[in-house]
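Peer 1: got a predicted structure plus its sequence, pasted below:
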2 protein chains.
Amino acid sequence: MVQKEAEKPEAKRRGRPRAYDPQVALARAAEVFWKAGYAGTSLDDLAAATGMNRPSLYAAFGDKRDLYLRTLDYYREESRALARHALADNPTLRVFLKRFYDKALALYLTDGPRGCYSIGTAATVAAVDDRVRAFLADSMRTTDSFLTHQIEKAKKRGELSPDAEPAALGYLATATLHTLAIRSRAGLPRKELNALVEAAINVICGAPR
Amino acid sequence: MVQKEAEKPEAKRRGRPRAYDPQVALARAAEVFWKAGYAGTSLDDLAAATGMNRPSLYAAFGDKRDLYLRTLDYYREESRALARHALADNPTLRVFLKRFYDKALALYLTDGPRGCYSIGTAATVAAVDDRVRAFLADSMRTTDSFLTHQIEKAKKRGELSPDAEPAALGYLATATLHTLAIRSRAGLPRKELNALVEAAINVICGAPR
DNA sequence: TGACTTTTGTACTGTTTCGCACGAAATAAG
DNA sequence: CTTATTTCGTGCGAAACAGTACAAAAGTCA
């Protein structure tokens, strides 16, 4: 609806070639939203950041809201790829969680204390935009079930106490991610965040041996 | 700097009387920010909500940022009063936490899914405003130590396992509050949030007897 | 080369927003 | 009743903003 659906990346297009790469533009736009929030970002800001001018922005992505929704999807895909990658060598739950939170923190602390993209920006918009709210809800449910699933696997492998409840611990694992998202945006020092990660992992996996 | 410091509430003031109550105006302003976020709220919105006109707003609270910072303080005071009240009859940790989260949820779900005021609005602003960022950091540290203190007390009273670590559990208790703040703003149903509260309390206090 | 297609960039319109100036209104003090 | 003081409320000017029209630019295709 916003753009030509079937994009052939390599096919020679007919008219004047684009001066921008849509994926790069999307990433640049996300950076601006990330910093200033949705409402705090103007189309001029976006144009400046992407190097495009406003008419091109409209043609490529629709209006500001459309563009924002695109960046949310973009961010979610990137995040999921990171999470999947942390599972590549089938680590223990303890090792996986450490990696998972460390990767999250690395993302949250790039270019100053910016926190999580969707929590830092979409949470505010969610109260007035149904689609953003639905996106947020869906993202969090997905994180819940992903983490719960990892915990279930670990329990089956005998890494956890037999009376550990994966669903409850999954909630807490997601809650840990959320609190890191907010705390990092609040500028808390890395050291403090590391201590929190340590504490959460010990509670979820049981005291370290 | 923004307003006369020593406000004698009952002293007969000299000129034309105010047509508004500053405390009420502050609460109304907070409601608007709560819904639309800081950047998403214009002075006209605030004027409409408070029944004041813009020049009066400036005279009373300074500019938009000053007013917003005031509402943050206001909200924090209200929240602390609620928390203190939940401790009035010296309840067990389990009972206290249940009350604490229930009160938070009641606040977060008033007038639709609006979540926590400071997390829902200040988190976004924090990335571009030092004072807001400092406010957020300070608030969260206060919550951490408050909850940790309650957990320590419970441990001394023998309510918790001897090897429970209050500092670690305190982080998780705050994390639970944070995740509730975000999830409620994302519109997750009350039932799901209740289940999360239940799970978190069981992890913090130990399985129910 | 010339017709066609798509993107670019400038410029324009109307709206929103901010911040303040200024006179009217309301009250206390003398 | 007059003066001093404080607030109210209209309204103005400047800036920011969203969205679009239009012509120039930069390609493809025949």
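Peer 2: Alright, I've got the coordinates.
Peer 1: how about the helices in chain A?
Peer 2: For chain A, applying DSSP state H gives helices covering A:22-36, A:43-50, A:54-61, A:64-85, A:93-108, A:117, A:123-126, A:130-156, A:166-185, A:190-205.
Peer 1: was I right about A:R70 contacting A:L26?
Peer 2: Yes: if you go by C-beta atoms under 8 Å, A:R70 and A:L26 touch, sitting 5.9 Å apart. To be clear about C-beta, it is placed using only N, CA and C from the backbone, and glycine gets the same treatment.
Peer 1: find residues that contact each of those two.
Peer 2: A:F61 (C-beta atoms under 8 Å, 6 or more residues apart in numbering or on different chains).
Peer 1: out of the helices of chain A, deepest packed?
Peer 2: helix A:123-126 (a mean of 29; mean count of other C-beta atoms under 10 Å in any protein chain shown).
Peer 1: which strands and helices sit next to that one?
Peer 2: Counting contacts by 3 or more C-beta pairs under 8 Å, 6 or more residues apart in numbering or on different chains; DSSP states H and E, helix A:123-126 is packed against helix A:130-156, helix B:123-126, helix B:166-185.
Peer 1: which residues sit against that helix?
Peer 2: So helix A:123-126 is contacted by A:37-39, A:68, A:132-133, A:136, B:37, B:40, B:113, B:115, B:119-121, B:123-124, B:182, B:185-187 (C-beta under 8 Å, 6+ apart).
Peer 1: check contacts around A:R76.
Peer 2: A:S118, A:S139.
Peer 1: any idea how far it lies from A:R70?
Peer 2: To A:R70, A:R76 is 11 Å away according to C-beta to C-beta, to the nearest Å.
Peer 1: now do A:T121
Peer 2: Taking C-beta to C-beta, one finds A:T121 at 13 Å from A:R70.
Peer 1: A:L46 too?
Peer 2: Distance, A:L46 to A:R70, using C-beta to C-beta: 12 Å.
Peer 1: what does A:S145 give?
Peer 2: Distance of A:S145 to A:R70, computed by C-beta to C-beta: 25 Å.
Peer 1: for DNA strand C, what's its nearest residue on chain A.
Peer 2: Of all residues in chain A, A:G15 sits closest to DNA strand C, at 1.9 Å by C-beta to the nearest atom of the strand.
Peer 1: number of nearby residues for that residue?
Peer 2: 5 (other C-beta atoms under 10 Å in any protein chain shown).
Peer 1: and the closest residue to A:G51 other than its chain neighbours, what does it touch?
Peer 2: Excluding the flanking residues, the one nearest A:G51 by C-beta to C-beta, 6 or more residues apart in numbering or on different chains is A:Y20, at 6.2 Å. A:Y20 makes contact with A:T50, A:G51, A:M52, A:S56, A:A60, according to C-beta under 8 Å, 6+ apart.
Peer 1: out of these, what pair is the most spread apart?
Peer 2: With C-beta to C-beta as the measure, no two of those lie farther apart than A:G51 and A:A60, at 12.1 Å.
Peer 1: intersection of neighbour lists for these two?
Peer 2: Common neighbours of A:G51 and A:A60, counting by C-beta under 8 Å, 6+ apart, are A:Y20, A:A25.
Peer 1: can you list the low-confidence ranges for chain A?
Peer 2: A:1-11, A:209 (pLDDT under 70).
Peer 1: let's go with 50 and repeat that
Peer 2: A:1-10 (pLDDT under 50).
Peer 1: related to what we said a few turns ago, okay, the helices of chain A in CSV with distance to B:T176 next?
Peer 2: Below are the helices of chain A laid out as CSV (distance: least, C-beta to C-beta, whole Å):
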stretch, distance to B:T176
helix A:22-36, 26
helix A:43-50, 36
helix A:54-61, 37
helix A:64-85, 22
helix A:93-108, 17
helix A:117, 22
helix A:123-126, 17
helix A:130-156, 14
helix A:166-185, 5
helix A:190-205, 11
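Peer 1: out of the ones you listed, which is closest to B:K98?
Peer 2: helix A:166-185 (15.3 Å).
Peer 1: what's the closest non-adjacent residue to A:D129?
Peer 2: The shortest distance from A:D129 to any non-neighbouring residue, by C-beta to C-beta, 6+ apart, is to A:R65 (7.3 Å).
Peer 1: coming back round to it: ok, now how distant is the residue of chain A closest to DNA strand C from chain B?
Peer 2: 37 Å (C-beta to the nearest C-beta, to the nearest Å).
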